[in-house]
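>>> Predicted model and sequence below, questions to follow.
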Amino acid sequence: MKCGIVTDSTCSLEPEVLEKYNIHLVSLYINRDGKYTKAVEIDPKEYSKEMLDSSFSALTSQPSPNDFFEVFEKIKAECDCILVPVISAKLSGTYSSALVAAKMVDIPVKVIDSKLTSYALGSLAISLRKLADEGRPLEELLEYANQFYKKVRTIFSVDSLDYLYRGGRIGKAKVLIGSLLNLKPLIELSDGELKATGTIRGNKKLLEKLFSLATMPMARHELKSVRILSVNRPDDSELLLKKLKSNFNNVETFVSTIEPVVLTHLGPSVIGIITEWREKSL
């Protein structure tokens, strides 16, 4: 059985990676002053600079069912089925749009709420492609996809909680408390939603806690890869990179920026770590 893989633009996979693994993309949108632009058409680095302006204002929007349908129709002739891992349903309506589109196509389309976003979602899409190419049965692929989020940790901190508040991701009380006490939040993507795991005063302590939470040993698993998320925090990302390489010198470690949709909700100053784990071989 040949499976097509379709995901959404929050996966943050580079064009060459998408091409290498034959993964198809459906873009979310950025709404600035009523003008909708596909997120894939916006340069993340330029966008993060734009966000530093005090007059900046933007909203995000899920793809329409038709956006998914067009991609499904385009690839269905070369597929027996289509797997569609997308951003957590608790963070976006993208999952709902994909479900509607799945009913419009005359081959099996399985939409998966990844409970993830950013490079963790991208890693899931790549893993599904590899497993599908190995000839794994559909039931095994679906089981793998539905359990994948348990092997990933996403921990980050932002300079300001205002952007998460504007996007409806946290309440106003947490914003006020954080601002009054000048505390930096630690936020985790857990079970598909953003949850505060604590606050830290002082950047050095923040980075130490970020590192310890992201790399805390996982029972019967070993660290597979690390992705440092950095937006306008070059010194912090360099410190984390050195610490990670000195402690896990055989683990793939990357430093990346964040794509525009996720960035809109986090703000123009972010530091975070995504760790992916794999079961230890016996």
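Perfect, thanks for sending it.
>>> For the residue most central in space within the chain, give its distance to Lys49.
Computing the C-alpha centroid of the chain and ranking residues by C-alpha atoms, centre = their mean puts Ser118 first, at 1.6 Å. Here the criterion is C-beta to C-beta, to the nearest Å. By it, Ser118 lies 20 Å from Lys49. From N, CA and C alone the C-beta is placed, and that goes for glycine too.
>>> contacting residues around the closest residue in space to Cys81 that isn't next to it in sequence?
The shortest distance from Cys81 to any residue other than its chain neighbours is 4.2 Å, reached at Pro108 (C-beta to C-beta, 6 or more residues apart in numbering). Pro108 makes contacts with Asp80, Cys81, Ile82, Leu138, as judged by C-beta atoms under 8 Å, 6 or more residues apart in numbering.
>>> Three-state assignment for Arg278, please.
Following DSSP: H, G, I helix; E, B strand; the rest coil, the label given to Arg278 is strand.
>>> That one is in contact with Val251, isn't it?
No - counting by C-beta atoms under 8 Å, no contact exists between Arg278 and Val251, whose distance comes to 10.6 Å.
>>> Which residue of the two possesses the greater neighbour count?
Val251 (16 against 13; other C-beta atoms under 10 Å).
>>> Can you check the pLDDT for that one?
For Val251, the model assigns a pLDDT of 94.
>>> any common contacting residues for Arg278 and Val251?
Counting by C-beta under 8 Å, 6+ apart, the common neighbours of Arg278 and Val251 are Lys224.
>>> Neighbour count says what about the contacts of Pro108? Which are buried?
Those of these that meet the buried threshold are Cys81, Ile82, by 16 or more other C-beta atoms under 10 Å.
>>> So which of the contacts of Pro108 belong to helices?
Those of the contacts of Pro108 mapping onto helices are Leu138, per DSSP state H.
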